[in-house]
Structures are given as structure tokens and as C-alpha cells.
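All I have is the shape, not the residue letters:
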């Protein structure tokens, strides 16, 4: 069969190219542009090569922020994923209370980031916040503006409060798709509750869990607003995550070159981790098939 | 292995059933004799699966009791009843290997590892999956998965009963025969009480010693395949079993004569007063097409040759009558009468069979 050659078809992808150019390529190239140049004001730029990248690679500040960032993401994933699954397993399957739970679970997801931050900022204050005041009255030393652990716990609890719902809802959707026959067969086979989870429920929700983990990882790795509102990155630098550090550098100190280099490395790290994660997960999936 | 007794059992899916029509399963008293193979036959939605799920404890009946060997298990959970059940659609544990799937019910009961290995091997041989034992169950074809489900159902030797809920629906015809034969030989070997739900009469008649026919939430007849064929207790049994089913015609009956739309025919047996909606049922096997002056006047619509015999579809005053004629016999073009063999005639009042005078 002869195919007709018609190179004009390329024009059909033009709209997409234009759209992607404006939404991604051009802004990204601006950042790339800054990362390889230096300026002393007056809108004059000088070629700096990869100096900024070298500087950032050697910067203890960036490595510290990256370490904190990884710790933060790891902790919230370790809490939110099991907790979300646990909540989903215990939600009613149908009827009024199922809808009620769904609405209740979605509420935190609807609150804007900075409002979440403000809520917890006030909630945790020792002078007027319900949580802070109560803990203080109980004699527990809790002050997220001065105490390292208090600050971390606050930020983590806040994220867990805000996002566990997402994991729970995704897991719930996965669980709902399991036909009754599976549970019936498990009863017939006299499977324990744990076996039902391990061999029926977990395999069936692996797909959605993968999405949940990926979403929660990317989102937590880029977290900015909530900890910024609550702790401002403090006490000291203890809750200064990558985004907060980046903004400090770019807008606070106006170090455009290093900040741009930082941004690109940040972007590549997220891309790399997500890619590795995705590949591992899909391979796990495939390996099971044979 | 146990005798299963259903005592006054009924089930409704509604919380407050008002009348009989609200019950998916109408009041039922029945003994499933230990070690027999039963087929539960009926069309979709007649309550077969409901009954099965009540026996296995997946469903709790609205009323009545279930006894295993005279021990009340009505409120016992499924896991305590020690029952095996195979569902219509395959249920396998995807992430496990075929071997682990088959071993699962045994391991859950803490069986000895060496025993599990031998037993799994035996079952795998029975379902023809020995080569696949180490494969993951995920990605297998539907009929392979269903074979695993069947295998998992058969793996325990000490079960009280084996229940099958239309297990061969997804299996291809060739394998169907083979598996059904396997099930039968398994039954002979171990003598489990087996209940096999199906809507396929061939499956029911070849599998079971006793066939239980259900219709609209009620057991309408229980008997050997021969009884169901010769003496259907209900018109439903008449046309559900047989291919084609029994001819059922409106009639008036007095003594040993029936009148069908003005034509009188002899019944060969006397009947007392028959009231209600009276019908005459006769299987196509007991009808003959003739030409002449006796019998019901009919017009032949078409003749179907199904290989073993011919099926003649005839019209009697707007009602279709099927006649089975022997393969090789020629259907005369001027055949215009049908005669019934009196031995094959059953009389029904309001769909239930009326026993002729003298029959016990």
C-alpha cells in the first residue's frame, strides 16, 4: 500500500507548539538565560558560564535545604499513605454516611494553601491559639517560633491534615471498584483480615496509590506557602525548604543568577525522582504479569 | 460433609417485606442429603444464587433456620461453616502464583506444608494447570482463572459442602465437558454434598443425581432427570426442561376426555373435578404428525432438522405446537393432524400438575 506523503500535516501541530512555547518553553528559557549570566544592574548582563551551577553545587545552604526537603517529603509520605489507606478502609461503603464522609474528607482539600497556613499559624499560637494555649496550659513546651521540634511537628501535622484526604479519597475509589465476589471468596477461603488486605485490597489499589504517592511527593517537594505562613522558614533555618530558600535568594537577596541555577537544578531533581519513581512502579506492575 | 437442612427458610432483600411478592426466596423446607450431587436449575433471577449464598452464610435469611447435620448454623459466619463455593466469574488473587492461589484455603487453615504441596499438585493435575503452577495468576485468560477458582473450591477435602454458582459460564464448551466430568468424578471419589447452580439444563441433567427446579423464588420440583422429563410438576418445569420444551395448551377436562378448542381427545386416565385455569401439557416427544380425521387439526409452519431428529413447528389455532419426528422420516405435505400419546399427557390446574385418579 502506498502512503500519500503530505508534509503540510505538520502545520496541524502548530497550535500546540505555540501554546507550549508560551506556557513552558519561553519562561523556562528565561530562567536558563539568567542562570548562565551575571549582572551588576542597569540591565547589563555578562556571560558567566556554569559558574552559578558550580557555586550552588558547593553551597552548604542548598544542600541543607535539600536535606530538609527530602526529610519532609519522606515523613509526610510515610504518614499520609498508610493513614489515608486506613481511613479509606474504615469509611462506610454506601448510604448516607458514605456521602457524608466523602464531603467531610474533601473539605480540607478545598481550602487555599495560605488559608491553611493561617489557620495553623493561629491555631498553634501560645497566646491565643486553641492548640498552642492548651498544650502550654498542660505544661508542654510548645512554641513553633522558637522550638525546632515544635516547628517541624506543626508543619508535618498541618500537611497531614491538609492532604491525607486526597490519599484516602483515591484509595477509597480504588476500594470501591473491587467486586463483592472477591470478599465473598475470601470468606469462603477463610482468609484473615490481613490476608484480605494484602492479597485483595492492596493489589487492587496499587494503581491509584501510585498516583497518590507521585502527587503527594511532587506537591510536598515543592511546598512553599503553608510553612512560609506558619514558621517563615524558622526557627533559624530549620523549616526552610527548597522553595522557601529559593524565594529568599531570588526575591529577598535578588541573586538572580544563583537562584536561576538553583531553580533548574531543583526542577531536574524533581523530574529525575519522579521519573525513577514512575519507572520502578510501572516495572513492578509489568513484572507481576509474568 | 454434612446433611444440610433448610427449615422454614425465606429471604427478602427488602427490610420490611409486605407480601409474598417481596420475597426473593419464598418459604422453603428442604433436606440436602449428605453426599448427593444436586443441580439447582432455574432462569435468571429465580432465587438460585440467593439460596446458595444463604447456605454459605454470605447472606443471612430473613426467616427460618439452616442446619448442618442438625446443628443450627443460621447465624454462623461463612468462615465457620467450612464450605467451598465457586462463583460465576473468576476470583483469583492476582499477585499470587497459581500454586499459592490453590494453596491459600489450606494455608489459611494451617495445613501441613507437605500436605499442601501434594494436594495442590493433585488439584493442578485435575484442572490441567500443572505447567502453570509457578506463574502469577495475573494476566491469565478468563477460563484459566476460572479453573483456578474451581481448583481452590475443590482443594479442601473436609468441606461440609461444595457450592457452584454457574461456574462454567466463562469456560469454552470443550473444557466445560471436561471440567464437569472432573467434578462428577470428584464427587464419586470424595462423596461431598454438592450443589450446582445453573440455568443450563444439559449441565444440570448431566451433573446431578437430583435436579431442583426453581421458579420465581420457589422450588417447583425436585427429582431425577427422568421424573422431570416425564412428570413435570409445574408447567415451568415442562417448558424449561426439554428442547424444545413441553407444549402447553388450554383445555377443559372431564373424566378421561379433554376438549381442546372443540376437539376431543382421549387422556387414557380419569381425572376428578379439575378447577382453575386448566391446561394440557405434552412433550414434543409424545406427539406425532399424521394426516387423517383424528387428532388436532393443525397447519405445519416449518420443519427444522437438528441432526438427531426433526422438529416440526405447527400452528394450532394460534398456539404453536412442537412435534419431534424421527430423522429420516418424511413429513408428508398434507399432514394436518397431531395425535398425542396418552402416556405423555399431563394435566395442569393453575400451572400445577393434577394427579390422575389412581396415581399415588
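That came through fine. Small disclaimer: the values here were computed from a predicted structure and weren't measured.

Centroid-nearest residue for chain B?
Nearest to the geometric centre of chain B sits residue B:41, at 2.2 Å (C-alpha atoms, centre = their mean).

Excluding chain neighbours, what is closest to it?
Nearest residue to residue B:41, sequence neighbours excluded (C-beta to C-beta, 6 or more residues apart in numbering or on different chains): residue B:204, at 4.3 Å. C-beta coordinates here come from the backbone N, C-alpha and C atoms, glycine included.

Show me what the strand or helix carrying that neighbour is packed up against.
With elements taken from DSSP states H and E, the one containing residue B:204 is helix B:201-207. Where contact means 3 or more C-beta pairs under 8 Å, 6 or more residues apart in numbering or on different chains; DSSP states H and E, helix B:201-207 is packed against strand B:37-41, helix B:173-190, strand B:194-198.

what does that helix contact?
B:37, B:39-41, B:168, B:176, B:180, B:183-184, B:196, B:198, B:211, B:225, B:228, B:240-243 (C-beta atoms under 8 Å, 6 or more residues apart in numbering or on different chains).

do the same with stretch B:348-360
B:231-236, B:248, B:267, B:269-272, B:274-281, B:346-347.

Mind jotting down where the strands sit in the stretch 251-360 of chain B?
For the stretch 251-360 of chain B, the strands defined by DSSP state E, counting those that start in this stretch cover B:252-260, B:263-271, B:278-282, B:287-290, B:296-297, B:299-305, B:309-316, B:319-326, B:337-340, B:345-349, B:352-354.

Quick check: which of the ones you listed is nearest to residue B:219?
Closest to residue B:219 of those is strand B:352-354 (C-beta to C-beta; 12.9 Å).

For that closest one, give the mean pLDDT please.
Averaging pLDDT along strand B:352-354 yields 86.

Okay, buried residues for that strand please.
B:353-354 (16 or more other C-beta atoms under 10 Å in any protein chain shown).

Kindly report the same for stretch B:215-233.
So, applying 16+ other C-beta under 10 Å, buried residues of stretch B:215-233: B:215-223, B:225, B:228-229, B:232-233.

can you list the residues that contact that stretch?
By C-beta under 8 Å, 6+ apart, stretch B:215-233 touches B:23-26, B:28, B:30, B:42-43, B:46-47, B:205, B:208-214, B:234, B:236-238, B:240-242, B:246, B:281, B:283, B:344, B:346, B:352-353.

Which of those are buried, as a ChimeraX select command?
Here is the ChimeraX selection string for the buried members of those, based on 16+ other C-beta under 10 Å:
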select /B:23,24,25,26,28,42,46,47,205,208,210,211,212,213,214,234,236,237,238,240,241,242,246,281,283,344,346,353
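
what stretches of chain B score poorly on pLDDT?
B:1, B:360 (pLDDT under 70).

Give me the neighbour count for the closest residue to residue A:50 other than its chain neighbours.
In space, and not counting its chain neighbours, residue A:50 is closest to residue A:36: 7.1 Å by C-beta to C-beta, 6+ apart. Per other C-beta atoms under 10 Å in any protein chain shown, the neighbour tally for residue A:36 reads 18.

Can you get me the start-to-end distance on stretch A:210-230?
Terminal residues of stretch A:210-230 lie 30 Å apart, using C-alpha to C-alpha, to the nearest Å.

Now intersect the buried residues of stretch B:215-233 with the helices, please.
In this view, these that belong to helices under DSSP state H are B:225, B:228-229.

which one of these is nearest chain A?
The closest of those to chain A turns out to be residue B:225 (C-beta to the nearest C-beta; 28.8 Å).

near chain B, which residues of the stretch 51-200 of chain A show up?
A:179, A:181-182, A:184-185, A:187-192, A:195, A:199-200 (C-beta under 8 Å from any C-beta of the partner chain).

change it to 6 Å
In this structure, the stretch 51-200 of chain A approaches chain B at residues A:181-182, A:184-185, A:187-191, A:199, judged by C-beta under 6 Å from any C-beta of the partner chain.

Can you give me the distance of residue B:5 to residue B:61?
13 Å (C-beta to C-beta, to the nearest Å).

Which of these two has more residues huddled nearby?
residue B:61 (22 against 18).

got TSV for the buried residues of stretch B:215-233, with distance to residue A:100 too?
Output for the buried residues of stretch B:215-233, formatted as TSV (distance: C-beta to C-beta, whole Å):
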residue	distance to residue A:100
B:215	42
B:216	38
B:217	35
B:218	40
B:219	42
B:220	45
B:221	49
B:222	48
B:223	52
B:225	54
B:228	52
B:229	56
B:232	53
B:233	51
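
So which of those residues is the closest to chain A?
residue B:217 (21.1 Å).

low-scoring stretches of the stretch 101-250 of chain A, by residue?
Using pLDDT under 70, nothing in the stretch 101-250 of chain A is flagged.

on that earlier part again, the residue nearest to the centre of chain B against residue B:213, yeah?
Yes - counting by C-beta atoms under 6 Å, residue B:41 does reach residue B:213; the two are 5.0 Å apart.
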